[in-house]
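Trainee: Got a sequence here, can you model it:
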Amino acid sequence: MAIGSQFTGLDMKELIGGPLSAAADASVQLAQSTAEFINEVGFDEQKKVRNVQFGYTKKNENPDGTISNDDMNVNVPLLAIVPIPNLQIDEVNILFDMEVKESQKSESSKDYGGSFTGTANFGIFKATVSGSVSAHESNTRSSDNSAKYHVDVRATNHGTPEGLSAF
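Mentor: Residues are numbered from 1 along each chain as shown. Below you'll find the model as predicted:
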(Lines give C-alpha, C1' and ligand atoms only; values in the text may rest on other atoms or scores of the structure.)
Protein backbone atom coordinates (compact mmCIF):
# COMPACT_ATOMS: atom_id res chain seq x y z
CA MET A 1 0.00 0.00 0.00
CA ALA A 2 1.39 3.39 -0.96
CA ILE A 3 2.11 5.70 1.96
CA GLY A 4 0.06 8.51 0.39
CA SER A 5 -3.04 6.34 0.35
CA GLN A 6 -3.19 6.63 4.14
CA PHE A 7 -4.72 10.11 3.64
CA THR A 8 -7.43 9.08 1.20
CA GLY A 9 -9.99 8.30 3.91
CA LEU A 10 -9.76 11.73 5.53
CA ASP A 11 -12.82 13.92 5.11
CA MET A 12 -11.21 17.34 4.78
CA LYS A 13 -14.61 19.01 4.66
CA GLU A 14 -15.28 17.77 8.18
CA LEU A 15 -11.75 18.20 9.50
CA ILE A 16 -11.45 21.82 8.38
CA GLY A 17 -15.00 22.88 7.63
CA GLY A 18 -16.48 21.48 10.85
CA PRO A 19 -14.55 23.72 13.27
CA LEU A 20 -14.83 26.67 10.87
CA SER A 21 -18.60 26.24 10.61
CA ALA A 22 -18.86 25.95 14.41
CA ALA A 23 -16.94 29.23 14.77
CA ALA A 24 -19.28 30.92 12.26
CA ASP A 25 -22.31 29.62 14.18
CA ALA A 26 -20.82 30.93 17.42
CA SER A 27 -20.25 34.32 15.78
CA VAL A 28 -23.93 34.44 14.77
CA GLN A 29 -24.97 33.57 18.34
CA LEU A 30 -22.77 36.37 19.70
CA ALA A 31 -24.33 38.87 17.27
CA GLN A 32 -27.83 37.69 18.23
CA SER A 33 -26.94 38.14 21.89
CA THR A 34 -25.93 41.75 21.23
CA ALA A 35 -29.12 42.41 19.25
CA GLU A 36 -31.28 40.88 21.99
CA PHE A 37 -29.58 43.04 24.62
CA ILE A 38 -30.17 46.20 22.57
CA ASN A 39 -33.83 45.32 22.03
CA GLU A 40 -34.51 44.37 25.64
CA VAL A 41 -32.57 47.13 27.38
CA GLY A 42 -32.73 49.96 24.85
CA PHE A 43 -36.40 49.82 23.82
CA ASP A 44 -39.69 49.56 25.69
CA GLU A 45 -42.73 47.44 24.76
CA GLN A 46 -43.87 50.04 22.18
CA LYS A 47 -40.40 49.95 20.54
CA LYS A 48 -39.59 53.46 21.72
CA VAL A 49 -36.12 54.34 22.96
CA ARG A 50 -35.76 54.07 26.72
CA ASN A 51 -34.40 57.28 28.12
CA VAL A 52 -32.99 58.14 31.48
CA GLN A 53 -33.49 61.62 32.89
CA PHE A 54 -30.82 63.21 35.00
CA GLY A 55 -31.21 66.35 37.05
CA TYR A 56 -28.38 68.42 38.42
CA THR A 57 -27.64 71.90 39.63
CA LYS A 58 -25.42 74.08 37.51
CA LYS A 59 -23.71 77.10 38.98
CA ASN A 60 -23.77 80.14 36.71
CA GLU A 61 -22.00 83.42 37.19
CA ASN A 62 -24.35 86.33 36.59
CA PRO A 63 -23.24 89.60 34.88
CA ASP A 64 -23.33 91.39 38.27
CA GLY A 65 -20.78 88.87 39.70
CA THR A 66 -23.23 86.84 41.78
CA ILE A 67 -23.60 83.09 41.38
CA SER A 68 -26.95 81.47 40.77
CA ASN A 69 -27.89 77.81 40.88
CA ASP A 70 -29.87 76.67 37.86
CA ASP A 71 -31.67 73.31 37.81
CA MET A 72 -30.77 71.38 34.67
CA ASN A 73 -32.38 68.25 33.22
CA VAL A 74 -30.81 65.91 30.68
CA ASN A 75 -32.69 63.18 28.85
CA VAL A 76 -30.24 60.46 27.65
CA PRO A 77 -30.95 57.20 25.82
CA LEU A 78 -30.21 54.30 28.19
CA LEU A 79 -28.04 52.58 25.58
CA ALA A 80 -25.71 55.59 25.54
CA ILE A 81 -24.68 55.01 29.15
CA VAL A 82 -24.87 51.21 29.44
CA PRO A 83 -22.04 49.05 28.07
CA ILE A 84 -23.40 46.92 25.25
CA PRO A 85 -21.96 43.39 25.12
CA ASN A 86 -20.32 43.04 21.74
CA LEU A 87 -18.20 39.90 21.71
CA GLN A 88 -16.79 38.83 18.36
CA ILE A 89 -14.64 36.06 17.02
CA ASP A 90 -11.70 37.89 15.51
CA GLU A 91 -9.59 34.98 14.35
CA VAL A 92 -10.04 31.23 13.98
CA ASN A 93 -7.00 29.02 13.52
CA ILE A 94 -7.53 25.41 12.58
CA LEU A 95 -4.38 23.34 12.55
CA PHE A 96 -4.45 19.73 11.46
CA ASP A 97 -1.30 17.64 11.46
CA MET A 98 -1.11 13.98 10.57
CA GLU A 99 1.96 11.88 10.17
CA VAL A 100 2.01 8.35 8.86
CA LYS A 101 5.10 6.25 9.27
CA GLU A 102 5.59 2.84 7.77
CA SER A 103 8.57 0.69 8.55
CA GLN A 104 9.40 -2.70 7.19
CA LYS A 105 12.22 -4.93 8.24
CA SER A 106 12.92 -8.42 7.00
CA GLU A 107 15.70 -10.72 8.02
CA SER A 108 16.64 -14.08 6.68
CA SER A 109 19.39 -16.33 7.85
CA LYS A 110 20.66 -19.63 6.50
CA ASP A 111 23.27 -21.97 7.94
CA TYR A 112 24.90 -24.75 5.95
CA GLY A 113 27.21 -27.36 7.33
CA GLY A 114 28.68 -30.73 6.45
CA SER A 115 31.48 -33.04 7.41
CA PHE A 116 33.10 -36.11 5.97
CA THR A 117 35.63 -38.71 6.97
CA GLY A 118 37.44 -41.11 4.72
CA THR A 119 40.10 -43.79 5.05
CA ALA A 120 42.32 -45.20 2.33
CA ASN A 121 44.83 -48.09 2.49
CA PHE A 122 47.86 -48.04 0.21
CA GLY A 123 49.72 -51.17 1.06
CA ILE A 124 51.60 -50.50 4.20
CA PHE A 125 50.35 -46.97 4.30
CA LYS A 126 47.03 -45.97 5.69
CA ALA A 127 45.57 -42.49 5.24
CA THR A 128 42.63 -40.97 7.02
CA VAL A 129 41.08 -37.77 5.77
CA SER A 130 38.39 -35.79 7.57
CA GLY A 131 36.95 -32.34 7.03
CA SER A 132 34.02 -30.10 7.64
CA VAL A 133 32.49 -27.21 5.78
CA SER A 134 30.08 -24.62 7.15
CA ALA A 135 28.55 -21.46 5.74
CA HIS A 136 26.37 -18.73 7.21
CA GLU A 137 24.30 -16.37 5.10
CA SER A 138 22.40 -13.40 6.54
CA ASN A 139 20.27 -10.83 4.74
CA THR A 140 18.64 -7.79 6.37
CA ARG A 141 16.38 -5.41 4.48
CA SER A 142 14.92 -2.30 6.10
CA SER A 143 12.85 0.51 4.59
CA ASP A 144 11.18 3.52 6.22
CA ASN A 145 8.51 5.60 4.60
CA SER A 146 6.81 8.61 6.12
CA ALA A 147 4.40 11.26 4.97
CA LYS A 148 3.17 14.40 6.67
CA TYR A 149 0.01 16.37 6.04
CA HIS A 150 -0.29 19.86 7.51
CA VAL A 151 -3.28 22.13 7.02
CA ASP A 152 -3.40 25.66 8.45
CA VAL A 153 -6.65 27.56 7.89
CA ARG A 154 -7.00 31.10 9.20
CA ALA A 155 -10.30 33.02 9.16
CA THR A 156 -10.55 36.57 10.47
CA ASN A 157 -13.35 39.05 11.03
CA HIS A 158 -13.15 41.87 8.51
CA GLY A 159 -15.42 44.29 10.33
CA THR A 160 -18.50 46.10 9.14
CA PRO A 161 -19.12 46.07 5.39
CA GLU A 162 -18.57 49.44 3.71
CA GLY A 163 -22.25 49.78 2.83
CA LEU A 164 -23.32 49.51 6.46
CA SER A 165 -20.69 51.79 7.94
CA ALA A 166 -22.88 54.90 7.45
CA PHE A 167 -25.62 53.53 9.72
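Trainee: Setting aside sequence neighbours, what's the nearest residue to T34?
Mentor: If the residues on either side of it in the chain are set aside, T34 comes closest to N86, at 5.3 Å by Cβ to Cβ, 6 or more residues apart in numbering. C-beta here means a position set from N, CA and C on the backbone, and glycine is covered the same way.
Trainee: That neighbour in helix, strand or coil?
Mentor: The three-state assignment at N86 reads coil, by DSSP: H, G, I helix; E, B strand; the rest coil.
Trainee: how about it, phi and psi?
Mentor: Per-residue torsions, N86: phi -140, psi 70 (degrees, to the nearest 10).
Trainee: That one against S33, yeah?
Mentor: No - distance between N86 and S33: 9.1 Å, which falls outside the contact criterion (Cβ atoms under 8 Å).
Trainee: so what does the helix or strand hosting A24 touch, helix or strand wise?
Mentor: Assigned by DSSP states H and E, A24 falls within helix 18-42. Helices and strands in packing contact with helix 18-42 are listed as strand 91-122, strand 125-156; criterion 3 or more Cβ pairs under 8 Å, 6 or more residues apart in numbering; DSSP states H and E.
Trainee: worst average pLDDT in those strands?
Mentor: Lowest mean pLDDT within those: strand 125-156, at a mean of 71.
Trainee: Might you report the residue contacts of K110?
Mentor: With contacts taken as Cβ atoms under 8 Å, 6 or more residues apart in numbering, K110 has the following neighbours: A135, H136, E137, S138.
Trainee: Just list the residues touching the third one, thanks.
Mentor: Each residue near E137 by Cβ under 8 Å, 6+ apart is listed here: S109, K110, D111, Y112.
Trainee: That's all I had, so thanks and see you.
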